[in-house]
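coords please:
(2 chains)
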Amino acid sequence: MPTAAKTPKQPVPVETVASETPERTVIGWQGIRFTLPPEWNVTGFSMDRDNGYLRVDSPGSGTLSVLVRWQNAAKPDQGPPTLYTLLAPGFRKWLRRPEPEVPKPDLKANLEKILKDAQKQAKKAKAHFESSVKAERTEGENEERTSISFSWTGGGRGQGKIWYCATCKRVVVAQVVGLQKDHGAISAIASHLFSTLQDHAMEGYDLWALYDLNMEVPDDFQLESQELKSGYLHLSFGRGGERIILDRWGLANITLKKFTREEWFANNAYMSTKKLSKESVPIDRGHEATKFAGALSFLARLRLLREAKLSLKRFPTRYEGGIWHCEESNKLFAVQVLHNKRTEGLWTEVVRRCLCH
Amino acid sequence: MLMPLTTRLKYTLGRYLPFLKIRPPDVDRQDVLVLRPGRNALITWEKLENGTTLLRIPENKSVGWLTRMMAKWLHAPTERKVELDEVGGFVWELCDGKNTIEAIVQKLSREYKMNRREAEVSGTLFLQTLLDKNYIGLYKKASKAELKQAEAKRESTRPSRAQRRGDRATTASNMEQGTTK
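Numbers count the residues shown, from 1 in each chain, chains lettered A, B, ... in the order given. Here you go, the predicted model:
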């Protein structure tokens, strides 16, 4: 069972991402991570990890888009759950039976579906449709990927790749789409995209990166809620009853004219900070965070119990939360962690992996 | 500029009856970004010590006599005050008719270290609010070719010197006859 405070073998990922930030836009969502030219922004996403999509658009009035779709081959979208699908995993665990082998998905059939959709679009636009599909090949460091590259023209133009990753058991389709005239740009973006795209967590941590945010969270935490507003960003992750909550506010210099850091945090914290111990802790990148820690209040526990639908799985007992001001990016960052005794040090690890500038 | 009433009615109809497929033409983002917002000349404003900006908006004087009388009787204020926060004041100051929306977004992004997209979304939304309330207007700087074209059009519609002289002569003769046009 993975524990939250995983000690990385070497702190490479954090440094690598940091050095890439100024020149490239790093995008990370639901285990998918890649880099694009500066100022590309996420414009569409799904909350589901098993079956979802991500859309990133070029800056300005650019017509290029990167579309990434993924589906977990082990958990295909089969519609409403049946009694068997609900009970089988529990029985398997109880009888200590191994998980059934995931059959290798038919990439060609999936690809045909995608091209058929593109052909329909071209027909609507009354354009001639043409597509080319390359032969299936194996790639990746451990040859865990089976991929097929493809391209199409008609109405617009697209260049993409579909692959199945044996490590994360996901079928991923990534394509760069644009207008007919964008041929050169599409090829350049596509080659960059496919050389940087990763489809599963690295060293047990998922990267969540968008709108200049860059943080890593243990991969068994699922995204539960999000708010992506101009000047305010909120991501909440859950694992059983445990929670990691990240808030980021822009225009910090204006906020701090009216409130102190502590006041602002107390107004926005998950629970009252009155009975918590307060300390100042230095964090990476030369900032100092105000950290609050203590036992979860009774009201907070009740709220958690309701949110977890009365489940006591990984039920948290401790609260750790902190706020810091990053002058370089003029933003306030707050990380709150609700955890149990087994996962001490989770707050420190998440804060270490949250790059504010 | 306000749309003609018939056009507005047509688009309203299209909004409620979508199968008619009547909708306003799509506006290109690039066309909007080159527009220059300018402040309404009737509005006076000042920067306060706390960093906010106070706008004084005069009340509409073209109202009926009854409203005027009631306003006088009830001691209604002659102006409305609107306070803009620091960021709002910063954008308001830049609305001088010289800066394009693109320039304002860039300056906003640089000044407050905002992501370009964040700055564009919040900046344009704020300008939209100001525009809806008629606090600002949007201008488009015409290119040289457009200016020439407009000049040519004006010239073609303006009566020639000979025509004008002829008109004057006709008017004079009419006046002599005791009639004026």
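
The closest residue in space to A:Phe259 that isn't next to it in sequence: neighbour count?
The shortest distance from A:Phe259 to any non-neighbouring residue, by CB to CB, 6 or more residues apart in numbering or on different chains, is to A:Asn267 (7.4 Å). (C-beta placed from N, C-alpha, C; glycine too.) Residues lying near A:Asn267 (other CB atoms under 10 Å in any protein chain shown) number 9.

give me the number of residues near the closest residue to B:Val121 other than its chain neighbours?
Ranked by CB to CB, 6+ apart and with sequence neighbours excluded, the top spatial neighbour of B:Val121 is A:Ser230, at 4.7 Å. Residues near A:Ser230, counting by other CB under 10 Å, number 17.

Can you mark which positions in the strand or helix carrying B:Val121 are buried?
Secondary structure from DSSP states H and E places B:Val121 in helix B:116-132. For helix B:116-132, a neighbour-count test (16 or more other CB atoms under 10 Å in any protein chain shown) marks B:116-124, B:126-127, B:130-131 as buried.

one step back: for my notes, confirm the residue nearest to A:Phe259 occurs in a strand.
No - per DSSP: H, G, I helix; E, B strand; the rest coil, A:Asn267 lies outside any strand segment and is helix.

from what I can see it touches A:Arg261, true?
No - when contacts are counted by CB atoms under 8 Å, A:Asn267 is not listed as touching A:Arg261 (11.1 Å).

List, one by one, the residues from chain B near chain A.
B:28-30, B:51, B:85-87, B:112-118, B:121-122, B:125 (CB under 8 Å from any CB of the partner chain).

The next helix or strand after the helix holding B:Val121 pairs with which strands, and in what direction?
Toward the C-terminus, helix B:116-132 is succeeded by strand B:136-139 as the next helix or strand (DSSP H and E). Next to strand B:136-139 in the sheet, as set by DSSP bridges, lie strand B:36-39 (antiparallel).

Now do the strand it pairs with, average pLDDT.
The average pLDDT within strand B:36-39 is 94.

contacting residues for the residue of chain A found nearest chain B?
Taking CB to the nearest CB, chain B has its nearest neighbour within chain A at A:Asn330, 3.8 Å off. Contact analysis of A:Asn330 by CB atoms under 8 Å, 6 or more residues apart in numbering or on different chains lists A:Gly250, A:Leu251, A:Ala252, A:Asn253, B:Tyr112, B:Lys113, B:Met114.

so for the longest helix seen in chain A, what's the average pLDDT?
Criterion DSSP state H: the longest helix present in chain A is helix A:107-124. The pLDDT scores in helix A:107-124 average 88.

do the same with stretch A:204-218
Stretch A:204-218 comes out at a mean pLDDT of 91.

Low-confidence ranges, chain B, go.
In the predicted model, chain B carries pLDDT under 70 at residues B:1-2, B:158-181.

What segments of it are strands?
Ranges of strands in chain B, per DSSP state E, are B:36-39, B:44-47, B:53-58, B:79-84, B:136-139.

Of those, which stretch is the most buried?
Highest mean neighbour count among those (mean count of other CB atoms under 10 Å in any protein chain shown): strand B:36-39, with a mean of 19.

Which residues does that one contact?
So strand B:36-39 is contacted by B:45, B:92, B:94-101, B:104, B:127, B:130-131, B:135-141 (CB under 8 Å, 6+ apart).

Repeat the analysis, applying 6 Å as the threshold.
B:Cys95, B:Gly97, B:Thr100, B:Leu127, B:Ile136, B:Gly137, B:Leu138, B:Tyr139 (CB atoms under 6 Å, 6 or more residues apart in numbering or on different chains).

repeat for stretch A:297-315
By CB under 6 Å, 6+ apart, stretch A:297-315 touches A:Arg239, A:Gly240, A:Gly241, A:Glu242, A:Met271.

So what's the gap between that stretch and the chain middle?
25 Å (CA atoms, centre = their mean, to the nearest Å).

centroid residue for chain B?
Central residue of chain B (CA atoms, centre = their mean): B:Gly137, 2.7 Å from the mean position.

what sits opposite the closest residue to that residue other than its chain neighbours in the beta ladder?
Spatial nearest neighbour of B:Gly137, excluding adjacent residues (CB to CB, 6+ apart): B:Gly38 at 5.4 Å. Under DSSP bridges, the beta-bridge partners of B:Gly38 are B:Asp96, B:Gly137.

how is the chain carved up into domains?
Assuming you mean chain A. Here the domain parsing of chain A from automatic domain parsing is A:12-196, A:219-352.

Wait, chain B was what I had in mind.
B:1-28, B:34-140, B:145-171.

Between these, which one is closest to A:His325.
domain B:34-140 (12.2 Å; CB to CB).

Can you give me the end-to-end span of that closest one?
Using CA to CA, to the nearest Å, the end-to-end distance of domain B:34-140 comes to 7 Å.

what do you get for stretch A:255-273?
Per CA to CA, the first residue of stretch A:255-273 is 20 Å away from its last.

got the contact list for that stretch?
Where contact means CB under 6 Å, 6+ apart, the residues beyond stretch A:255-273 that reach it are A:Thr290, A:Phe292, A:Ser297, A:Ala300, A:Gly321, A:Ile323, A:Ala334, A:Gln336.

Redo those residues as a markdown table? Include secondary structure.
Shown next, in a markdown table, are those (three-state DSSP):
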| residue | secondary structure |
| --- | --- |
| A:Thr290 | strand |
| A:Phe292 | strand |
| A:Ser297 | coil |
| A:Ala300 | helix |
| A:Gly321 | strand |
| A:Ile323 | strand |
| A:Ala334 | strand |
| A:Gln336 | strand |
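
in chain B, which spans are helices?
B:5-16, B:29-33, B:65-73, B:86-94, B:101-111, B:116-132, B:144-157, B:161-177.

A:Tyr211 is nearest to which of those helices?
Nearest of those (CB to CB): helix B:116-132, 6.9 Å.

Give me the distance from that closest one to the chain's centre.
Worked out by CA atoms, centre = their mean, helix B:116-132 lies 16 Å from the chain centre.

now stretch A:25-34
Using CA atoms, centre = their mean, the offset of stretch A:25-34 from its chain centre is 6 Å.

what's the first-to-last distance across it?
OK, stretch A:25-34 end separation, CA to CA: 8 Å.

do that stretch and chain B meet?
No - shown here: stretch A:25-34 not in contact with chain B (CB under 6 Å from any CB of the partner chain), separated by at least 10.1 Å.

burial measure for whichever residue of chain B sits closest to chain A, as a count.
Chain B approaches chain A most closely through B:Lys113 (3.8 Å), counting by CB to the nearest CB. Each residue near B:Lys113 was counted by other CB under 10 Å, and the total is 20.

For the nearest residue to it once chain neighbours are set aside, give me phi and psi.
Excluding the flanking residues, the one nearest B:Lys113 by CB to CB, 6+ apart is A:Asn330, at 3.8 Å. Per-residue torsions, A:Asn330: phi 50, psi 50 (degrees, to the nearest 10).

And for A:Ser58?
Torsion angles, degrees, to the nearest 10, at A:Ser58: phi -70, psi 160.

now A:Leu246
phi -120, psi 130.

what do you get for the one 4 residues further on?
According to degrees, to the nearest 10, the main-chain angles of A:Gly250 amount to phi -90, psi -180.

wait, it sits on A:Gly231?
Yes - the pair formed by A:Gly250 and A:Gly231 meets the contact definition of CB atoms under 6 Å, at 4.0 Å.

Who has more neighbours out of these two?
A:Gly250 (26 against 19).

With B:Thr129 as the reference, measure out to the more buried one.
Separation of A:Gly250 from B:Thr129 (CB to CB, to the nearest Å) stands at 19 Å.

ok, back up a step: among the domains of chain B, which is the most enclosed?
Buried most deeply of the domains of chain B, by mean count of other CB under 10 Å, is domain B:34-140, with a mean of 15.
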